[in-house]
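**Student:** need a 3D model of the following:
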Amino acid sequence: MFALGVNPWVWTSPITDEALAGLVPRIAGWGFDCVELPVEQLGDWSPETTRDLLDRHGLTAATICAVTPPGRELVCTDAATVAQTQDYARALIDAAVAVGAPSVCGPLYASVGRVWRMSVEDRAACYRELRAALEPLAEYAGERGISIGIEALNRYETSVVNTVEQTLEAIDPLPGNVGIMLDSYHMNIEEADPYAAVTLAGPRLVHVQVSGSHRGAPGQDHIDWTRWLGELIGTGYTGGVCIESFTGDNEAIAVAAAIWRPLAPSQDLLATDGLAHLRKVLAELAGDRSADADRG
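**Tutor:** Prediction:
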């Protein structure tokens with residue numbers, strides 16, 4: 001139904017060739033189908049080496065994850081910063097082509113943690129800036145068969161886009177290869193009805209990230225995963241669904257993602273318990289749909 005994957009950030013940061021060489025065989029052994037590939041700094045890992053590594057272990061690259069620390073901005077900044085951020089995004093698109101990923105996704109609009117108040121007019125102007133900055137990237141990506149997924153973050157991490165509705169407003173009317181990356185963690189905070197928001201995003205879905213409502217394993221939280229994944233199936237989406245969480249053992253990533261306590265008995269169990277729950281729910285949903293078809 002979906003390729004189920006995981007982000008190596010569950011275990012470490014930054015993601016490097018050395019880190020992937022150790023993690024990819026384990027990820028494959030646990031039964032995942034694909035891997036998200038974050039790029040904190042260009043050159044941290046080799047797309048060609050990584051593609052060979054994934055191929056050897058029967059995995060695919062689900063998406064390239066954009067990482068936006070201070071200084072990577074497409075809105076409400078100076079022209080030089082926009083140009084540098086666009087160059088970074090183009091390099092990610094090139095990496096996606098080389099590693100065989102279908103998309104580049106993340107909060108490309110502004111650095112994580114940058115927040116400011118906006119009037120209705122300010123927000124409209126911000127979204128016009130974003131569309132203008134994304135337009136050449138959409139063309140560059142489209143020529144290479146790559147999609148761009150814009151991720152809404154929670155209110156503590158951005159004030160640009162927090163909901164699916166805002167994201168749709170921000171990217172309309174950009175080309176069809178610019179769409180949405182859903183993240184269940186942020187949706188749990190921001191969406192009045194996260195299940196309806198999945199359906200709303202459906203026509204422009206590019207990629208999906210999942211974690212528990214507390215950033216831990218799906219299934220060990222309060223999200224109704226049967227309903228959530230059922231809504232996702234109903235959209236017709238057929239791409240990757242990847243667990244994204246973070247380790248508290250790395251100080252920089254723990255502070256950036258506000259990981260102040262263990263989210264599972266171990267990072268391995270966070271990943272494997274989450275995978276087991278997702279597979280169980282999807283199998284049950286497939287069985288229900290098969291029974292409905294038989295009755296029909």
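
**Student:** give me the low-pLDDT residue ranges for the protein?
**Tutor:** By pLDDT under 70, the low-scoring segments of the chain are 290, 293-296.

**Student:** quick check, central residue of it?
**Tutor:** Nearest to the mean C-alpha position of the chain, counting by C-alpha atoms, centre = their mean, stands residue 209 at 4.7 Å.

**Student:** is it in a helix, a strand, or coil?
**Tutor:** Counting by DSSP: H, G, I helix; E, B strand; the rest coil, the backbone at residue 209 sits in strand.

**Student:** distance check, the closest residue to residue 101 other than its chain neighbours against residue 97.
**Tutor:** Residue nearest to residue 101 in three dimensions, not counting chain neighbours: residue 61, with 3.8 Å by C-beta to C-beta, 6 or more residues apart in numbering. In short, each C-beta sits where N, CA and C put it, glycine included. Separation of residue 61 from residue 97 (C-beta to C-beta, to the nearest Å): 11 Å.

**Student:** packing partners for the longest helix along the chain?
**Tutor:** The single longest helix within the chain, with elements called by DSSP state H, is helix 267-295. Of the remaining helices and strands, those touching helix 267-295 by 3 or more C-beta pairs under 8 Å, 6 or more residues apart in numbering; DSSP states H and E are strand 3-6, helix 225-235, strand 240-243.

**Student:** now that helix against helix 225-235, angle please.
**Tutor:** 60 degrees (axes from the mean of the first three to the mean of the last three C-alpha atoms, to 10 degrees).

**Student:** roughly how far out does helix 267-295 sit from the chain middle?
**Tutor:** 21 Å (C-alpha atoms, centre = their mean, to the nearest Å).

**Student:** ok, back up a step: including mean neighbour count and distance to residue 139, could the helices and strands packed on helix 267-295 go into TSV?
**Tutor:** Listed next are these as TSV, based on neighbours: other C-beta atoms under 10 Å; distance: least, C-beta to C-beta, whole Å:
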stretch	mean neighbour count	distance to residue 139
strand 3-6	22	28
helix 225-235	19	26
strand 240-243	26	24
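
**Student:** out of these, the one nearest residue 104 is which?
**Tutor:** strand 240-243 (13.3 Å; C-beta to C-beta).

**Student:** how close does residue 266 get to residue 10?
**Tutor:** 10 Å.

**Student:** these two - which one has more neighbours?
**Tutor:** residue 10 (24 against 11; other C-beta atoms under 10 Å).

**Student:** is the more buried one in contact with residue 272, as I believe?
**Tutor:** No. Using C-beta atoms under 8 Å, residue 10 makes no contact with residue 272, being 10.3 Å away.

**Student:** please enumerate residues in contact with stretch 269-278?
**Tutor:** With contact meaning C-beta atoms under 8 Å, 6 or more residues apart in numbering, stretch 269-278 is reached by 4, 6, 10, 27, 30-32, 210-212, 216-220, 225, 229, 241, 243, 245, 263-264.

**Student:** flag every buried residue along that stretch.
**Tutor:** Within stretch 269-278, the residues scored as buried using 16 or more other C-beta atoms under 10 Å are 270-278.

**Student:** export those to CSV and tack on distance to residue 178?
**Tutor:** What follows is the buried residues of stretch 269-278, written out as CSV (distance: C-beta to C-beta, whole Å):
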residue, distance to residue 178
270, 31
271, 30
272, 34
273, 34
274, 29
275, 30
276, 34
277, 31
278, 27
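
**Student:** most widely separated two among the residues you listed?
**Tutor:** 270 and 278 (12.6 Å).

**Student:** got a list of what the residue nearest to the centre of the chain touches?
**Tutor:** Residue 209 neighbours (C-beta under 8 Å, 6+ apart): 7, 36, 151, 181-185, 241-244.

**Student:** now residue 9
**Tutor:** Contacts of residue 9 by C-beta under 8 Å, 6+ apart are 15, 38, 244-247, 253.

**Student:** recalculate using a threshold of 7 Å.
**Tutor:** Residue 9 makes contacts with 38, 244, 246, 253, as judged by C-beta atoms under 7 Å, 6 or more residues apart in numbering.
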